[in-house]
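Peer 1: Based on what follows, work out the 3D shape:
(one chain, ligands or ions: 1)
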Amino acid sequence: MRIVREAADLERWHGGVFVPTMGALHGGHAALIRRAGDLADGAPLVVSIFVNPTQFNEPSDFDRYPRSFEEDVLLCECEGADIVFAPTTEAVYPPGATAAPPELPEVATRPGLEDAHRPGHFAGVCQVCVRLFGLVRPRCVVMGEKDWQQLAVLKALIAREGTGVNIVGHPTVREADGLAMSSRNRLLSDRARVAAGSLVRALVEAGRHRDSRRAEDAGRRILDDAGVETEYLVVRDAQTLGPAREGSPARVLVAARAERVRLIDNAPWPGFTLPA
Ligand code: AMP
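Peer 2: Prediction:
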């Protein structure tokens, strides 16, 4: 496995499968890399590690974001990556290059979920993905369902650009109590870690109700009881993230803060259960 810092050194590795990450890697990222290995079928498997400054709407969140480069490199090697692309900010955003950020698809601006609670976030996500995809030139990109709206945004963006890149979503990997694995979990105090377990319990509880209003109320009650600060817990159409529609797959999505740590999760609705 090689560590590449310059875009020019990536040219030999175009046309493979790509897993973009911000590092502080965990079992969720490992699963994505293994999936990418299955899909690569001998083509290059590239993992990027880049904490993208333009997608953080709070500068303190960027400063606090966990970083563990050496462990990350080991994990990538163990999971079979060929290349870790760890660019400098200048390599991703060359000084003087003023390409306009891509126009955002509706799913990045209308739902009132991550778009409303993290203004500017998807502009940064789309900007970095367009830049990274342009440097890595993959034929396939593996992304996590954990960031459901982000996955929907990238699918819509890539479909519109017509570049033929295949975006593959991978199911959320969870801790033993069901908490979705996340780099931010490292920032949780012991108390906040216990409270954080309420997010997945809220998704399960919401899944017990077939009426979406009841489902949302029941899920929010679980969060309130656990003392986390709910930003949203809503049932939505799985693809557009607009109102759920009869006969179309739906999803329940949650964002909440446990102490200062902001966490998100989502699940199919109704009927979500955890493996025993
Ligand atoms: P991040 O490093 O948080 O930007 O995440 C990089 C990729 O890993 C994104 O596509 C995420 O959706 C995905 N990811 C993060 N956590 C998980 C998880 N628990 N299960 C599956 N994929 C995940």
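
Peer 1: Geometric centre of the protein: which residue is closest?
Peer 2: The residue lying closest to the centre of the chain (CA atoms, centre = their mean) is Asp147, at 3.5 Å.

Peer 1: for that residue, helix, strand, or coil?
Peer 2: What DSSP: H, G, I helix; E, B strand; the rest coil gives for Asp147 is helix.

Peer 1: Identify the residue nearest it in space, chain neighbours excluded?
Peer 2: Excluding its sequence neighbours, the residue lying closest to Asp147 (CB to CB, 6 or more residues apart in numbering) is Ile264, at 7.1 Å. Where you see a C-beta, it was placed from the backbone N, CA and C, and this is true even at glycine.

Peer 1: Check what pLDDT that neighbour gets.
Peer 2: Predicted confidence (pLDDT) for Ile264: 98.

Peer 1: what secondary structure does it sit in?
Peer 2: Going by three-state DSSP: Ile264 is strand.

Peer 1: doesn't His121 make contact with it?
Peer 2: No: Ile264 lies out of contact with His121 (CB atoms under 8 Å); the separation is 11.2 Å.

Peer 1: neighbour-wise, which of these two wins?
Peer 2: Ile264 (23 against 20; other CB atoms under 10 Å).

Peer 1: partners of the more buried one in the sheet?
Peer 2: Judged by DSSP bridges, the bridge partners of Ile264 are Ala255.

Peer 1: Can you give me every residue that contacts it?
Peer 2: 114, 146-147, 180, 253-255 (CB atoms under 8 Å, 6 or more residues apart in numbering).

Peer 1: Name the member of those residues with the most neighbours.
Peer 2: Highest neighbour count within those: Val254, with 28 neighbours (other CB under 10 Å).

Peer 1: three-state assignment of the residue lying closest to that residue once chain neighbours are set aside?
Peer 2: Nearest residue to Val254, sequence neighbours excluded (CB to CB, 6+ apart): Leu233, at 4.5 Å. Here Leu233 is recorded as strand under three-state DSSP.

Peer 1: what about Leu233, how many neighbours?
Peer 2: So Leu233, with other CB under 10 Å, has 26 neighbours.

Peer 1: Test my guess that it contacts Leu263.
Peer 2: No: using CB under 8 Å, Leu233 is not in contact with Leu263; the gap is 12.0 Å.

Peer 1: Please identify every residue contacting each of Ile264 and His121.
Peer 2: With CB under 8 Å, 6+ apart as the test, Ile264 and His121 both reach Glu114.

Peer 1: The nearest residue to Pro105 once chain neighbours are set aside: what's it in contact with?
Peer 2: Sequence neighbours aside, Ala156 is the residue nearest to Pro105 in space, at 3.6 Å (criterion: CB to CB, 6+ apart). Residues in contact with Ala156, defined by CB under 8 Å, 6+ apart, are 105-108.

Peer 1: Any figure for the gap between Ala156 and Leu113?
Peer 2: Using CB to CB, to the nearest Å, we find Ala156 at a distance of 14 Å from Leu113.

Peer 1: repeat for Gly28
Peer 2: 20 Å.

Peer 1: and this structure, which residues reach the ligand?
Peer 2: Taking CB under 6 Å from any ligand atom as the criterion, the chain approaches the ligand at residues 21-22, 28-29, 31-32, 143-144, 146-147, 170, 172-173, 180-183.

Peer 1: can you rerun that using 8 Å?
Peer 2: 19-29, 31-32, 142-147, 150-151, 170-174, 180-183 (CB under 8 Å from any ligand atom).

Peer 1: related to what we said a few turns ago, and the contacts of Ala156, which two are the farthest apart?
Peer 2: Glu106 and Ala108 (7.1 Å; CB to CB).

Peer 1: With neighbour numbers in mind, choose between the two.
Peer 2: Ranked by neighbour count (other CB under 10 Å), Glu106 and Ala108 place Ala108 first, with 24 against 13.

Peer 1: Could I get the contacting residues of that one?
Peer 2: Ala108 neighbours (CB under 8 Å, 6+ apart): 115, 122-123, 126, 149, 153, 156-157.

Peer 1: Fine, thanks again, bye for now.
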